[in-house]
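Colleague: The sequence and its predicted three-dimensional model are supplied below.
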Amino acid sequence: MKFDLQLHKYLVMMILFFSCANHKENNLSLSPLFSDGMVLQRDAVAPIWGTINPKKKVEIQTSWGSHGVAKADNSGRWTIEIPTIDDFGPHTITVHSGYDTIRVNDVLLGEVWLAAGQSNMEMDFDYCCNTTDNSYEEISNANFPNLRMFNVKKHLSYKPADRLDGSWEKAVGSNISLFSAVGYFFAKSLHQELNTPIGIIHASWGGSRLESWTSHDVLNELSAYENELKGINEHQKQNVKARDWFSRYPEVRIPSGDFDMFLGEYLREKAPGIDYLGYFLDDWRVLDTVGINLINDVEEKAKWEALPYANRLEKSLGIDNFKGAVLFRNYFQNDDFDDEIFIRLGPGEDMPWGLWEYDIYVNSKKIGSSLMTIEKDDYQFLKTSKEFKVDNELLNLGKNSIIIRVFGHARIGDMSLVSGDKGALTLGEKWEYSLLGEEFFQIDDYKYPYVSLFSYKGQNIDLSKVPEKTIMSHQTIGTLFNGMLNPIIPYGIKGIVWYQGETNIENGGPEFDNYATLMPLMIADLRNRWGMDFPFYYAQIAPYFNYNGMSPYFRDIQRKLLKMPGTGMVVTLDIGENYDIHPSNKHDVGDRFARLALNKSYEKDIISSGPLVKSAKLINGKIKVEFDYVASGLVLENNNRIEFEVAARDKEFYPASAFNNYTYLNISFEIEGVPKYLRYAFSDTSKAILFNSEGLPASSFEIKIK
């Protein structure tokens with residue numbers, strides 16, 4: 001009897017042991033999209049996927065009665081399609097395999113949209129220097145627990161990836177601070193109009209170009225990208241080597257890019273209401289400690305190298321355009337404390353455009369700075385020669401050290417030492433340098449401006465061994481499709497809202513052939529991968545001063561994309577800000593996206609667009625212009641602004657006057673020859689003067705006159 005009892009205990013222990021072993025071996029997991037608080041597309045068939053050991057059976061049971069079974073493939077991936085209903089819940093989803101069980105709680109069934117693009121989609125309620133309008137009020141009043149957003153963490157990949165990081169957050173209070181503002185206002189309008197849960201999957205990256213969001217399969221169809229694609233494998237190999245090198249060293253994030261600093265100074269006078277520089281300046285001052293031990297001469301293993309070629313670290317290192325943080329050191333003799341000594345420092349004639357910030361130390365005491373310790377209103381991005389007085393109390397009798405710490409281009413600049421009585425003073429024959437760090441694109445956990453200083457801490461770094469600094473970035477073709485869109489596919493969505501294009505203006509010309517060809521192919525590719533012809537609504541770029549006259553041509557290309565079925569366009573001509581590429585008004589953008597969706601996707605009887613030009617005809621010496629989406633009539637706000645222009649065959653455009661007949665416009669003109677072309681709002685900083693009765697602005701356009 002005692003033996004039987006012991007045998008029974010032994011068998012129970014063995015069963016528990018093997019059960020635990022099997023439990024550990026199954027490794028059941030779900031994509032982070034399928035987590036507590038998620039929103040699934042209602043009245044649809046929703047794919048749910050994850051991983052487990054190869055060939056293992058997986059079952060799903062939902063609280064609304066749907067059930068599904070699948071077996072993992074050889075790589076351990078599995079997908080189960082689950083029918084959903086129109087009961088928004090909350091529900092639960094239980095995923096089961098062997099002894100592994102995952103329960104997903106607080107699941108809502110509603111309408112799911114993907115919001116994607118670049119910085120104007122990314123802009124949240126605490127974004128840089130021109131925060132979204134009414135941020136405080138929106139955050140204080142946000143109480144929409146059935147409106148939820150999943151922010152896809154930034155991820156770059158050369159190949160289509162499965163990795164995905166993020167979580168579902170409810171639109172309640174401060175939770176919305178990091179929501180895409182456009183996505184939030186879009187979802188809020190839908191939520192209030194449809195009275196159903198809304199889920200937004202948000203995937204955007206400021207400064208990204210369309211080519212980065214497009215799959216290599218699509219890019220392979222176009223000869224324009226042949227060379228980039230041919231080099232992508234070598235590009236990947238070089239980037240892996242570069243990332244391996246820089247990942248050895250501590251990382252300090254750079255607070256802002258070169259152009260940010262330039263723009264901050266520029267806007268100080270042009271647009272004083274936008275404190276662009278102030279947003280970054282305090283973060284830069286945190287870097288004032290970089291290299292301080294070497295400057296104070298307390299570093300036990302201080303490494304200084306001779307600088308054979310005065311003023312040019314790149315020439316000494318045999319590399320081009322080294323950027324980072326460097327100390328330059330030299331010495332001078334002082335024989336008389338009564339002399340006044342000045343240090344003059346300027347960029348020199350051959351300083352390249354870009355960041356060059358310096359701090360000057362005499363005997364380890366700072367006597368001058370271009371950035372770290374100056375007042376904001378005194379900042380100057382494009383440097384001129386300046387003179388700094390050396391306080392006599394800092395000087396030694398005899399040998400004195402001078403150290404220049406540089407951030408950005410690693411050059412001393414044009415430097416001289418002068419005495420009030422003796423003129424130019426002689427420095428030591430050779431300068432020395434010590435590398436503090438080098439700039440490189442961030443390795444992971446990307447934060448604007450996506451560049452970091454990788455700290456060498458004054459070590460002897462043989463830069464000849466540094467691999468080629470090949471960067472994988474949000475500009476590299478396919479990287480954002482692979483890293484941020486592919487992991488979402490084929491999550492059940494109703495459609496996509498898209499705000500992107502500003503970066504492509506920099507890479508195109510008046511015709512923007514690549515963008516005009518690529519955008520429809522990208523949309524078609526996404527629809528094909530999702531297996532559905534979902535709606536694709538996009539925002540036309542807003543006016544901004546720094547597009548070099550290219551933005552109206554680009555806006556017109558965007559207008560012409562409406563020929564593609566299932567598309568719609570939000571016009572932003574009335575809400576742009578000349579000196580900020582990120583207009584604060586995001587509620588109108590979101591609301592206009594919602595109008596498109598409510599009308600075109602949910603069949604609500606509302607006007608979804610501002611006027612879109614339909615035809616221009618020369619009749620009795622005037623041009624009759626007709627539009628779609630006039631609603632109850634056209635509204636012309638002239639305000640003495642000339643936005644209409646007419647040209648003959650030579651396309652030399654001259655101002656024209658518009659007269660409102662409410663259902664159409666009459667354009668009068670004074671030009672030589674027969675008018676052949678009419679255009680409206682055709683400059684970088686054009687402002688809308690034409691609306692429909694719903695208050696929606698007309699798109700800019702150029703059209704042939706019949």
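Modeller: That came through, no problem. Residues are numbered from 1 along each chain as shown.

Colleague: Helices of the stretch 251-400 of the chain, start to end?
Modeller: Under the criterion DSSP state H, counting those that start in this stretch, the stretch 251-400 of the chain carries helices at the ranges 258-270, 276-285, 292-295, 313-317.

Colleague: Would you mind telling me which of the ones you listed is nearest residue 619?
Modeller: helix 258-270 (43.3 Å; CB to CB). Yep, even glycine has a C-beta here, placed from its N, CA and C like the rest.

Colleague: Would you mark the buried spots in that closest one?
Modeller: For helix 258-270, a neighbour-count test (16 or more other CB atoms under 10 Å) marks 258, 260, 261, 262, 263, 264, 265, 266, 267, 268 as buried.

Colleague: Could you identify the most distant pair in those residues?
Modeller: Using CB to CB, the buried residues of helix 258-270 span at most 16.6 Å, a distance reached by 258 and 268.

Colleague: picking that back up, select, out of the helices of the stretch 251-400 of the chain, the one closest to residue 104.
Modeller: Proximity to residue 104, assessed across the helices of the stretch 251-400 of the chain by CB to CB, is greatest for helix 276-285 (38.9 Å).

Colleague: Leaving aside the residues adjacent along the chain, what's closest to residue 243?
Modeller: Counting by CB to CB, 6 or more residues apart in numbering, the nearest residue to residue 243 once its immediate chain neighbours are dropped is residue 443, at 5.6 Å.

Colleague: What separation do you get for the closest residue to residue 168 other than its chain neighbours and residue 170?
Modeller: Here the nearest residue to residue 168 in space, its sequence neighbours aside, is residue 37; by CB to CB, 6+ apart that works out to 3.8 Å. Using CB to CB, to the nearest Å, one obtains 7 Å as the distance from residue 37 to residue 170.

Colleague: any shared contact partners between the two?
Modeller: In terms of CB atoms under 8 Å, 6 or more residues apart in numbering, residue 37 and residue 170 are both contacted by the residues residue 148.

Colleague: could you say what helices and strands the helix or strand harbouring residue 591 packs with?
Modeller: Counting by DSSP states H and E, the element that carries residue 591 is helix 587-596. For helix 587-596, the packing partners by 3 or more CB pairs under 8 Å, 6 or more residues apart in numbering; DSSP states H and E come out as helix 181-194, strand 536-539, strand 567-570.

Colleague: That one to helix 181-194, inter-axis angle?
Modeller: Following axes from the mean of the first three to the mean of the last three CA atoms, to 10 degrees, one obtains 50 degrees for the angle between helix 587-596 and helix 181-194.

Colleague: same question for stretch 219-239, mean pLDDT?
Modeller: For stretch 219-239, the mean per-residue pLDDT is 95.

Colleague: hang on, the earlier thing: nearest to residue 146, of the helices of the stretch 251-400 of the chain?
Modeller: helix 276-285 (34.0 Å).

Colleague: Check the offset of the closest one from the chain's centre.
Modeller: 19 Å (CA atoms, centre = their mean, to the nearest Å).

Colleague: Can you show me the CA trace of it as CSV?
Modeller: Extracted C-alpha coordinates of helix 276-285, given in CSV (Å, rounded to 0.1, in the frame of the first residue of the first chain):
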residue,chain,number,x,y,z
TYR,A,276,11.9,77.3,-32.5
LEU,A,277,15.4,77.8,-31.1
GLY,A,278,14.1,77.9,-27.5
TYR,A,279,12.7,74.5,-27.8
PHE,A,280,16.2,72.9,-28.4
LEU,A,281,18.6,75.3,-26.6
ASP,A,282,18.2,73.9,-23.1
ASP,A,283,18.8,70.4,-24.4
TRP,A,284,22.0,71.5,-26.0
ARG,A,285,23.2,72.9,-22.7
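
Colleague: what comes up buried for it?
Modeller: Per 16+ other CB under 10 Å, helix 276-285 contains these buried residues: 276, 277, 279, 280, 281, 284.

Colleague: Surely residue 201 and residue 164 touch.
Modeller: No - look at residue 201 against residue 164 with CB atoms under 8 Å: they stay out of range, at 10.1 Å.

Colleague: For residue 100, find the nearest of the helices of the stretch 251-400 of the chain.
Modeller: Go through the helices of the stretch 251-400 of the chain one by one with CB to CB and the one that ends up closest to residue 100 is helix 276-285, at 45.1 Å.

Colleague: Give the rounded mean pLDDT of stretch 125-138.
Modeller: Stretch 125-138 comes out with an average pLDDT of 78.

Colleague: Quick check: which element contains residue 103?
Modeller: Taking DSSP H and E as the criterion, residue 103 maps to strand 100-117.

Colleague: That strand versus helix 587-596: what angle between them?
Modeller: Going by the same axes, to 10 degrees, strand 100-117 makes 110 degrees with helix 587-596.

Colleague: For strand 100-117, which strands pair with it and how are they oriented?
Modeller: Using DSSP bridges, the strands paired with strand 100-117 are strand 39-41 (parallel), strand 91-97 (antiparallel), strand 198-204 (parallel), strand 495-499 (parallel).

Colleague: residues in contact with the following helix or strand past it?
Modeller: On the C-terminal side of strand 100-117, the closest following helix or strand by DSSP H and E is helix 119-122. Contact partners of helix 119-122, identified using CB under 8 Å, 6+ apart, comprise 115, 180, 182-183, 202, 204-207, 497-500, 502, 539, 542, 581-583, 586, 589.

Colleague: what do you get if the cut-off is 7 Å, keeping everything else the same?
Modeller: In this structure, residues lying in contact with helix 119-122 by CB atoms under 7 Å, 6 or more residues apart in numbering are 115, 180, 182, 204, 205, 206, 207, 499, 500, 582.

Colleague: What residues of the helix or strand following it count as buried?
Modeller: Counting by DSSP H and E, the element after helix 119-122 in chain order, helix or strand, is helix 135-141. With burial defined by 16+ other CB under 10 Å, the residues of helix 135-141 counted as buried are 135, 138, 139.

Colleague: Thought residue 174 was touching the last one, still the case?
Modeller: Yes - shown here, residue 139 and residue 174 form a contact pair, counting by CB atoms under 7 Å, at 5.8 Å.

Colleague: Can you give me the domain boundaries for the protein?
Modeller: Dividing the chain into domains by automatic domain parsing, as the record does, gives the ranges 250-465, 612-704.

Colleague: how about these in TSV, adding distance to residue 79?
Modeller: What follows is those, written out as TSV (distance: least, CB to CB, whole Å):
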stretch	distance to residue 79
domain 250-465	28
domain 612-704	41
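
Colleague: one step back: a markdown table for the helices and strands packed on helix 587-596, including distance to residue 644?
Modeller: Rendered in a markdown table, the data for the helices and strands packed on helix 587-596 read as follows (distance: least, CB to CB, whole Å):
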| stretch | distance to residue 644 |
| --- | --- |
| helix 181-194 | 30 |
| strand 536-539 | 24 |
| strand 567-570 | 21 |
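
Colleague: Which of these sits closest to residue 71?
Modeller: Ranking those by their distance to residue 71 (criterion: CB to CB) puts strand 536-539 first, at 34.5 Å.

Colleague: Quickly run through the sheet partners of the closest one, with directions.
Modeller: Looking at strand 536-539 with DSSP bridges, its paired strands and their directions are strand 495-499 (parallel), strand 567-570 (parallel).

Colleague: Quick one: name whatever helix or strand follows the first one.
Modeller: Going down the chain from strand 495-499, the next helix or strand is helix 502-506, by DSSP H and E.

Colleague: mean confidence for that next one?
Modeller: In this model, helix 502-506 carries a mean pLDDT of 89.
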